[in-house]
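Novice: no sequence on hand, only this structure:
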């Protein structure tokens, strides 16, 4: 019997962008995700994301403020726009270092 270990534990996270002091947010319940200034302190629910493992080694990423998921317009494309959706999308995670993970299109 083989077991699969989750790369990332289910839980609530901030998602920082590549630019220092910025993170991913939903600013309303319709717009695509935005990059917004954040310090990791005085965190709002717009900046918090619930990450849950799915059955196929991927993860859903849901915003706590608007209860909606990050999705994409064109899966498996190198250039793709992020969207807000009521349907979970399966994202792969890549360990960058012991405290950071990258989100990858499936």
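Specialist: Thanks, I have it. Everything numeric in this text was worked out from a predicted model, so none of it was measured.

Novice: not counting its neighbours along the chain, what's nearest residue 90?
Specialist: The shortest distance from residue 90 to any non-neighbouring residue, by Cβ to Cβ, 6 or more residues apart in numbering, is to residue 58 (3.1 Å). All C-beta spots, glycine's among them, are computed from the backbone N, C-alpha and C.

Novice: just the pLDDT at the one you found, thanks.
Specialist: In this model, residue 58 is scored at 92, pLDDT.

Novice: likewise residue 45?
Specialist: At residue 45, the model reports a pLDDT of 90.

Novice: that one: neighbouring residues, count only.
Specialist: Neighbour count of residue 45, defined by other Cβ atoms under 10 Å: 14.

Novice: what residues does the lowest-mean-pLDDT helix or strand in the chain touch?
Specialist: Least confident helix or strand, the chain: strand 100-104 with a mean of 84, by mean pLDDT, DSSP states H and E. For strand 100-104, the external contacting residues (Cβ atoms under 8 Å, 6 or more residues apart in numbering) are 7, 8, 15, 61, 70, 91, 92, 93, 94, 95, 96.

Novice: go again with 10 Å.
Specialist: Contact with strand 100-104 is made by 7-8, 13, 15-16, 18, 24, 49, 51, 58-59, 61, 70, 82, 91-96, as judged by Cβ atoms under 10 Å, 6 or more residues apart in numbering.

Novice: same check on stretch 50-60?
Specialist: Residues contacting stretch 50-60 (Cβ under 10 Å, 6+ apart): 4, 6-13, 15, 49, 61-64, 67, 69-71, 87-93, 101, 103-104, 106.

Novice: thinking again about what came up before, which among the contacts of strand 100-104 count as buried?
Specialist: For those, a neighbour count by 16 or more other Cβ atoms under 10 Å gives the buried set as 15, 16, 24, 49, 51, 58, 59, 61, 70, 82, 91, 93.

Novice: how about these, which pair is most distant?
Specialist: 16 and 58 (20.5 Å; Cβ to Cβ).

Novice: before we move on, the earlier item: for the least confident helix or strand of the chain, buried residues please.
Specialist: 101, 103.

Novice: export the buried ones among the contacts of strand 100-104 as TSV, with columns for distance to residue 32 and secondary structure.
Specialist: As requested, the buried ones among the contacts of strand 100-104 are exported to TSV (distance: Cβ to Cβ, whole Å; DSSP: H, G, I helix; E, B strand; the rest coil):
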residue	distance to residue 32	secondary structure
15	14	coil
16	18	strand
24	10	strand
49	14	strand
51	19	strand
58	20	coil
59	19	strand
61	13	strand
70	9	strand
82	5	strand
91	15	strand
93	21	strand
